[in-house]
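Participant: Return atomic coordinates for the entry below.
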Amino acid sequence: MKQKKSFMYIASFLMLTIPATGRFVCGLTLVIELFFLELLGILINSLVSKLKFNEIRTYFVMFFMIAITILYRQILVLTYTEIALTLGFVLYIPPVSVYLIHTLFTDNEEPLAVRLKANLLSTVVFSLIILGFFLFRDVAGYGTFTFFGRNHRIFEKVLFNPDKIGIFTFFASIPGALILTSLIIYFIMFLRNKVRILTSRGEKK
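Facilitator: The predicted structure follows:
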């Protein structure tokens, strides 16, 4: 089960990070969307379960997830047009990501408060890893820091001269993003194995 969950996180991470432009503001926009979908998805799923619509629950919840995504994109178009245009179809990936589908449709027997706490905590950890990924690509790959700007545009602060970044510009490309993803996954797996070994030693004592 834990191995399947690890594959789920890896697949979802790749879906959300590789197609998107490696700018911090893009990662932040996707993380905000993921939080909205997670929170509202849990609430809608709980409501549908209480109404005893179990046979159509999956379709009902997914319909609302897509509707919320469309609404979120339209709000972006009106407020931060450049971000909406930059992300494009990537905004439609979170509602169909393996991560969101798994968290919304598992442990439905648990009380709502318990599900909210567990899933939102998991989403926080997942989101921090995504933000770290985009921040590194933005700073190291482009030599900039991006955020929400004014007049529907992206705010961009140049931190380094592009000529001085050198080899780090590789991380701004898709191959660079894949290698960076591999390093992050390896590091996380390494830490998990270390924690598991230390835990098993503690139990034996």
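
Participant: Which helix or strand contains His44?
Facilitator: Not His; residue 44 is Ile. Ile44 belongs to helix 24-50 when assigned by DSSP states H and E.

Participant: Quick one: list the elements packing against that helix.
Facilitator: Where contact means 3 or more C-beta pairs under 8 Å, 6 or more residues apart in numbering; DSSP states H and E, helix 24-50 is packed against helix 2-17, helix 57-79, helix 81-87, helix 98-104, helix 112-136, strand 144-148. C-beta here means a position set from N, CA and C on the backbone, and glycine is covered the same way.

Participant: what pairs with the shortest one, and is each one parallel or antiparallel?
Facilitator: Strand 144-148 has its sheet partners listed here by DSSP bridges as strand 154-158 (antiparallel).

Participant: tell me which residues in the partner strand are buried?
Facilitator: The neighbour-count check on strand 154-158 (16 or more other C-beta atoms under 10 Å) flags Ile154 as buried.

Participant: Then stretch 105-123?
Facilitator: Arg115, Leu116, Asn119, Ser122, Thr123.

Participant: Could you do stretch 54-70 as well?
Facilitator: The neighbour-count check on stretch 54-70 (16+ other C-beta under 10 Å) flags Arg57, Phe60, Val61, Met62, Phe64, Met65, Ile68, Thr69 as buried.

Participant: try stretch 139-157
Facilitator: Buried, per 16+ other C-beta under 10 Å, within stretch 139-157: Val139, Ala140, Gly141, Tyr142, Gly143, Thr144, Phe145, Thr146, Ile154.

Participant: Report the two of the residues you listed separated the most.
Facilitator: Ala140 and Ile154 (18.2 Å; C-beta to C-beta).

Participant: could the buried residues of stretch 54-70 be laid out in TSV, adding distance to Phe24?
Facilitator: Converted to TSV, the buried residues of stretch 54-70 look like this (distance: C-beta to C-beta, whole Å):
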residue	distance to Phe24
Arg57	36
Phe60	35
Val61	31
Met62	30
Phe64	29
Met65	25
Ile68	24
Thr69	21
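
Participant: Of these, which one scores lowest on pLDDT?
Facilitator: Among the buried residues of stretch 54-70, Arg57 carries the lowest pLDDT, at 80.

Participant: do you know how far that residue is from Leu40?
Facilitator: 15 Å (C-beta to C-beta, to the nearest Å).

Participant: in the protein, which helix or strand is least confident?
Facilitator: helix 162-165 (a mean of 68; mean pLDDT, DSSP states H and E).

Participant: any weak-confidence spans in this structure?
Facilitator: Applying pLDDT under 70 to the chain picks out residues 1-6, 107-108, 162, 164-165, 201-205.

Participant: For it, which helix extends over the most residues?
Facilitator: When the chain is scanned for its longest helix (criterion: DSSP state H), the result is helix 174-204.

Participant: buried stuff in that helix?
Facilitator: When burial is assessed from 16+ other C-beta under 10 Å, helix 174-204 yields the following buried residues: Gly176, Ala177, Leu180, Thr181, Ile184, Ile185.
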